[in-house]
Each structure stands twice: as structure tokens, then as C-alpha cells.
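[1] got a sequence here, can you model it:
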Amino acid sequence: MYMFGYFLMATAKVIDIILVVFMWIVIARAVLSWVNPDPYNAIVRFIYKITEPVLYPIRRKIPVGFGGIDFSPVIVFLIIIFLQTFIVRSLERFSAGLIQ
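    Predicted coordinates:
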């Protein structure tokens, strides 16, 4: 049973790393929204392509308000923190119980 515990622990770590990387990509998207980047730049297109499927549904449900400030990255941060706290920590605790 310890092998399944280690598998769950590794899965939790990979999910945690993916969430942290995605959070940094969302931060880069927010910084890009402050400047006027070249839309044909490969990095800018990659960042937009990765973040738009997550940010667009939030923007559609919560209209931009308060002087045109986009709060969708903040909501994505809260969702990522929830996922890290709930799913990743639960998997880590469960796998630690299987290992012992």
C-alpha cells in the first residue's frame, strides 16, 4: 500500500507545481495588461492562449467594473489557493497515512 501512497504524494506535488506555474503565468498576463505588448510576439500569444480559457468565463460572469479594472486574475488566484489548500493538502495527508 505504500507504493500507492507515494504515487498519491507525487501526484499532489505535480498538481501543486502546475498550480504555482499557472499562477505566475496569470501574474504575467496581468502585467502585460498594463502595457501595450506586441500581439505577434510568441511569448505574449502563448500567455494569452494559456490564460484566456480560464479568465474569459470569469469575465463573462463578473462584468468589468470600478473604472475598468479586471478582477478575474484575483478570482483565479483565490481559486488556485483553494485548490492548493484543499486538494493538494488532502492528497498529501491521505498519502502520508498510507505510507505509515
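[2] in this protein, spot the helix with the most residues.
    Of all the elements of type helix in the chain, the one with the most residues (DSSP state H) is helix 2-34.
[3] average pLDDT across that one?
    Per-residue pLDDT values across helix 2-34 average out to 93.
[4] so after it, what's the next helix or strand?
    Past helix 2-34, further along toward the C-terminus, the next helix or strand under DSSP states H and E is helix 42-61.
[5] which helices and strands does the longest helix of the chain pack with?
    helix 42-61, helix 72-83, helix 89-99 (3 or more CB pairs under 8 Å, 6 or more residues apart in numbering; DSSP states H and E). The C-beta positions use only the backbone N, C-alpha and C, and glycine is treated the same way.
[6] how about these in TSV, adding mean neighbour count and distance to residue 36?
    Supplementary listing: the helices and strands packed on helix 2-34 in TSV, determined by neighbours: other CB atoms under 10 Å; distance: least, CB to CB, whole Å:
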stretch	mean neighbour count	distance to residue 36
helix 42-61	13	11
helix 72-83	15	18
helix 89-99	14	40
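[7] put together JSON lines for those helices, with mean pLDDT and distance to residue 10 on each row.
    Below are the helices and strands packed on helix 2-34 laid out as JSON lines (pLDDT from 0 to 100; distance: least, CB to CB, whole Å):
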{"stretch": "helix 42-61", "mean pLDDT": "93", "distance to residue 10": "24"}
{"stretch": "helix 72-83", "mean pLDDT": "93", "distance to residue 10": "17"}
{"stretch": "helix 89-99", "mean pLDDT": "90", "distance to residue 10": "9"}
